[in-house]
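Visitor: Sequence and predicted model, in that order:
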Amino acid sequence: MSFEKLARIDLNLLICLHVLLEECSVTYAAKRLNISQSAVSKSLTRLREQFDDPLFIRTAHGMAPTPRAQALLPLLDHLLREIEQLTAPAKFVPETSERHFKMALVESAYPLFLPQFLGDIFSKGPNIILDTQAWEPNTFDRLQRGEIDFGITGKDLNPKDAMLTLMPPKGIIFQELCRDTQRCIVRKDHPILCQADRAWDEEYYLEQRHIQVRCGQDDRWLLDYKLAEKGLHRDIAMYVPDFNSAASLCTHTDLVFTAPSHFAHYITAQLDLVVLPLPPELPAMAYNLFWHQHQEKDLGHSWLRELIISRCRDLSAS
């Protein structure tokens, strides 16, 4: 090992290179590093000299890493995480920690899970900050890049179904928190509630017009894939970005909203709505806590992870 060469390495330059490789933009790298664009440009000049490679070239779509730079990314990722572990405290003390944890959750998970563990987090760690964000299509990517610590969303239990809806990439670890089924939400004066002589079955369900929460970049949920297997489909009258909006709009329309059971019972207690069973047969799904494998040895991460899992394991679908 050449200690003389190692002594000449500037760790700040390596951090800058890592962020540049993730962002492929001097502007965005500067924002993440909280330094000026000129400082990033100067660091890039020094990095090019150190690695004897352009590292990035300009294209019509912005900066693109050279093959040498692309080869450096996994090495840098591993190196920086090892340094982070090396400098981490020998133990995690929640009582004195000022740790800032970031978590992305699907909207229906907020009323179900957060009340289970928030009290414990803030009583045991009075200075801890929990930054919650919406679950987005790129959440797994953000977990892999270390931008967030945890994610909570639903995942279908059958691997074949999960391939259609949500399949975690390599390196993402998950733990089941609870299982849930689907229910229908309608306004209390909905015409279907007055049809005593008509069974609430699949045929009647499909005669209705529906409101659908957009699932990431896909407008279809597992229910739609299962119906398509039988040559059937729902009449979707409206797409919305979130669960609360869908439920709220049901109070003013005859639209039917199909949603997870826990959320359905929670929101109908807040609004003037009625919960009905979902007539088409649909397998249960599971809410899971997701994290990246590079967090496994992080003591603070382990503390919060174990707390969340222990407080949520007794939940069950209603």
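Guide: Alright, I've got the coordinates.
Visitor: how much space between the closest residue to residue 150 other than its chain neighbours and residue 308?
Guide: Leaving aside its chain neighbours, residue 150 sits nearest to residue 103 (4.4 Å; criterion: Cβ to Cβ, 6 or more residues apart in numbering). C-beta here means a position set from N, CA and C on the backbone, and glycine is covered the same way. From residue 103 across to residue 308, the span is 9 Å (Cβ to Cβ, to the nearest Å).
Visitor: Now the common contact residues for these two.
Guide: Common neighbours of residue 103 and residue 308 are listed as residue 150 (criterion: Cβ atoms under 8 Å, 6 or more residues apart in numbering).
Visitor: And the residue nearest to residue 150, how far from residue 118?
Guide: Distance from residue 103 to residue 118, by Cβ to Cβ: 11 Å.
Visitor: who has more neighbours, those two?
Guide: Using other Cβ atoms under 10 Å as the criterion, residue 103 and residue 118 rank with residue 103 on top: 22 against 13.
Visitor: Can you pull out the low-pLDDT segments for this protein?
Guide: Along the chain, the parts satisfying pLDDT under 70 run over 1-7, 88-89, 164, 216-218, 316-318.
Visitor: change it to 50
Guide: 317-318 (pLDDT under 50).
Visitor: just to revisit the earlier point, surely the residue nearest to residue 150 meets residue 152?
Guide: Yes. At 7.0 Å, residue 103 and residue 152 qualify as touching, with contact defined as Cβ atoms under 8 Å.
Visitor: Which neighbours do residue 103 and residue 118 have in common?
Guide: In contact with both residue 103 and residue 118: residue 130, using Cβ under 8 Å, 6+ apart.
Visitor: list the contacts for the residue nearest to residue 55 when sequence neighbours are not counted?
Guide: Closest residue in space to residue 55, ignoring its immediate chain neighbours: residue 69 at 4.5 Å, by Cβ to Cβ, 6+ apart. Shown in contact with residue 69 (Cβ under 8 Å, 6+ apart): 17, 21, 53, 55, 56.
Visitor: what sits against the first one?
Guide: When you say that, I think you mean residue 17. Shown in contact with residue 17 (Cβ under 8 Å, 6+ apart): 43, 44, 47, 55, 69, 72, 76.
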